[in-house]
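J.: quick one, what's the 3D model for this:
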Amino acid sequence: MKKTPLNQVHKNMGAKMTDFGGWEMPVEYTGIIEEHKAVRNKCGLFDVSHMGEILVSGKNAKKSLQKIIANDLNKLEKGKIIYTPICKEDGGIIDDLLVYSLQDDQFLLVVNASNIEKDYNWIKEHLLEDTTAENLSANYAMVALQGPNSKKILTQLTDIDLNSLSYYRFREAKVAGVNMIVSRTGYTGELGYELYFEPEEAEKMWDELMEAGSDFGLQACGLGARDTLRLEKIYALYGNDIDESTNPFEAGLGWTVELDKGDFIGRKKLIDIKENCCQRKLTPFVIRGRGMARHGYEVYAGEEKIGEVTSGSYSPTLEEGIGLAYLKSEHTEVGSEIEIKVRNRKIKAEVVKGPFV
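T.: I've put the predicted structure just below:
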């Protein structure tokens, strides 16, 4: 398995490790529920160095990316970020990613770990002339500082004014003397920052942040809490909620598709999908019986199978089971009663309005 620069740090802290898409990553340290609540109420620190970074630069960098992504790069200026899917010609989602505008002709794409090679090859294949793509994933370590106290903690280590760094903006800055990108982003729904820096600085940065956060309830957090946090906010997880067999409109990501920006890969099919959308929709639900929904479980209305669970977990905030499922559109109205097949029995659930918290 691949290892992040913080692998030994996690093991020294007693983290429970697991294989996550070919990476050895921490699932939890003191417990998923405790780590989850730390992020909601105080602050948590995540190692997300497994994520990929692809630099697209050159004379036609912007034109190339406008053709490749579904969102509109004209929304960007230096220092801003957008979230976007990359789609196939049939509208299927190749990946969902962030685009950082470094310069007018230079963009950093932050992609899902499991899709690095796939994305890199797809992007290279569709570049215009005088434009290059570089897979710089090995050049970056990345940590996410997330929670209400994140600004107080980070302020102690940097001289930039974090009050001027609004959501989906970034700055090149020094933190604890280390040059990095400081990004006002995250996957938890809380105030937070994602920090990108050289892998050689990873252990130093982790220690500096943990020390700075010692008076603010900072806890190391693993992938388990990351998953429950993002699910409560209904942030899609690639490979579970979205993949090449799903499109942005049925996944609730229509807001990331700019059909009027000009031509891009998948646009023609996506216009048709939007006009006729959708036979199924990604739908939040809460468990009303005993049991827990998991990825792949079948969903029923009476004897009719109406869909399948994509994500399911216990919500530490609500203290009940929650999940997402692709359901036939006629069963997605808030308040609709559904049943989820768990092994040989069905448990009751109810469609709700998202996000959960």
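
J.: give the buried residues for stretch 305-323.
T.: The neighbour-count check on stretch 305-323 (16 or more other CB atoms under 10 Å) flags 306-317, 321-323 as buried. In short, each C-beta sits where N, CA and C put it, glycine included.

J.: and it, how far apart are its ends?
T.: Distance between the boundary residues of stretch 305-323 (CA to CA, to the nearest Å) amounts to 17 Å.

J.: ditto for stretch 12-23
T.: 17 Å.

J.: show me the shaky parts of the stretch 1-150 of the chain.
T.: Across the stretch 1-150 of the chain, nothing is flagged by pLDDT under 70.

J.: run through who's touching stretch 165-180.
T.: 79-83, 100, 154, 157-160, 181-185, 195-198, 201, 204-205, 208-209 (CB atoms under 8 Å, 6 or more residues apart in numbering).

J.: among those, which ones are in strands?
T.: Within the contacts of stretch 165-180, residues falling in strands by DSSP state E are 81, 82, 83, 100, 181, 182, 183, 195, 196, 197.

J.: and which of those residues is nearest residue 248?
T.: residue 83 (11.1 Å; CB to CB).

J.: would you mind measuring from the closest one to residue 285?
T.: Using CB to CB, to the nearest Å, we find residue 83 at a distance of 24 Å from residue 285.

J.: quick one, which of those two is more surrounded?
T.: The neighbour count for residue 83 versus residue 285, taken as other CB atoms under 10 Å, is higher for residue 285 (27 against 17).

J.: in which helix or strand would I find that one?
T.: Using DSSP states H and E, residue 285 sits in strand 280-287.

J.: elements contacting that strand?
T.: Judged by 3 or more CB pairs under 8 Å, 6 or more residues apart in numbering; DSSP states H and E, strand 280-287 is in contact with strand 304-315, strand 320-328, strand 337-342, strand 345-351.

J.: of the buried residues of stretch 305-323, which pair is most distant in space?
T.: Longest span within the buried residues of stretch 305-323, CB to CB: 306 and 316, 28.3 Å.

J.: can you tell me the closest non-neighbouring residue to residue 281?
T.: Spatial nearest neighbour of residue 281, excluding adjacent residues (CB to CB, 6 or more residues apart in numbering): residue 332 at 4.9 Å.

J.: swap in residue 20?
T.: Leaving aside its sequence neighbours, residue 20 sits nearest to residue 223 (CB to CB, 6+ apart; 5.9 Å).

J.: which pLDDT does the model give the one you found?
T.: Residue 223 is assigned a predicted lDDT (pLDDT) of 98.

J.: parallel or antiparallel, list what pairs with whatever helix or strand comes next after the strand holding residue 285.
T.: Heading C-terminal from strand 280-287, the first helix or strand you meet, by DSSP H and E, is strand 298-301. Note on strand 298-301: by DSSP bridges, its sheet partners are strand 304-315 (antiparallel), strand 337-342 (antiparallel).

J.: any chance you could list what contacts the longest one?
T.: Same thing as strand 304-315. With CB under 8 Å, 6+ apart as the criterion, strand 304-315 contacts 33, 227-228, 231-232, 237, 240-241, 280, 282-283, 292-300, 320-328, 331, 338, 340, 356-357.
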